[in-house]
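> following is a predicted model, sequence given first.
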Amino acid sequence: MFTACRRDIVDADSKVLFKGWGLRGLTASMPGSSAVRRAVRAGSNQFGEPASVMMRTAALQEAGGWYDRFPYLIDQASYSRVLMTGDFVPDVETGATFRMSTTQWSVALVKDQATQAHQFHRWLHEEYPDAVKAADVTMGNVRASLMARARRLSYRVLERRMR
């Protein structure tokens, strides 16, 4: 079993930028493979950062541990491998906070985000073709490209609040 909760996204002064972020389309229990497919179609990590998820250590170890082939998506890639072996049970409450910062990994990789997402989606389809279909990859890639542009814009707009 794997669970994730919503999180508040805050700036450097702990002011909430986005309240109850995450789990879009993932508000009911479902097979883990279905949750992975929905996240691919969304083009983003619907599960959140490690502070917003829980899974058994043994499940993560059995899935191969943290999977860093796609550095920007290390969290989602690792979660996906765990989810392919069990169920997803959401916690729809806000249970975590994520602070945006100019020093965070995603800011450093902003130019590579869409490319890595496309590669990750293709890899998931190749590894789990019954769970992630070609149409899921296409939809997810379009959305990942749009999200990467939106993220770059938000980093520019919010840069002062992230320091």
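Looks like it arrived, so ask away.
> measure stretch 51-67 end to end?
Stretch 51-67 stretches 17 Å from its first residue to its last (Cα to Cα, to the nearest Å).
> how about residues contacting that stretch?
The contact list for stretch 51-67, computed with Cβ atoms under 8 Å, 6 or more residues apart in numbering, reads 1-7, 22, 47, 74-75, 77-79, 81-82, 84-86, 95-98. (Each C-beta comes from the backbone N, C-alpha and C, glycine too.)
> which ones among those lie within strands?
Those of the contacts of stretch 51-67 mapping onto strands are 2, 3, 4, 5, 6, 7, 95, 96, 97, 98, per DSSP state E.
> what's the most distant pair in the residues you listed?
Every pair in those was compared (Cβ to Cβ); the two farthest apart turn out to be 2 and 97, at 20.3 Å.
> alpha carbons only: can I get stretch 38-47 in PDB?
What follows is stretch 38-47, C-alpha atoms only, in PDB (Å, rounded to 0.1, in the frame of the first residue of the first chain):
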ATOM      1  CA  ARG A  38      -3.500   9.000 -13.900                       C
ATOM      2  CA  ALA A  39      -0.300  10.700 -12.900                       C
ATOM      3  CA  VAL A  40       1.200  10.100 -16.300                       C
ATOM      4  CA  ARG A  41      -1.900  11.500 -18.000                       C
ATOM      5  CA  ALA A  42      -1.700  14.600 -15.700                       C
ATOM      6  CA  GLY A  43       1.900  15.200 -16.800                       C
ATOM      7  CA  SER A  44       3.000  15.900 -13.300                       C
ATOM      8  CA  ASN A  45       3.800  14.300  -9.900                       C
ATOM      9  CA  GLN A  46       0.300  14.100  -8.400                       C
ATOM     10  CA  PHE A  47       1.700  12.300  -5.300                       C
END
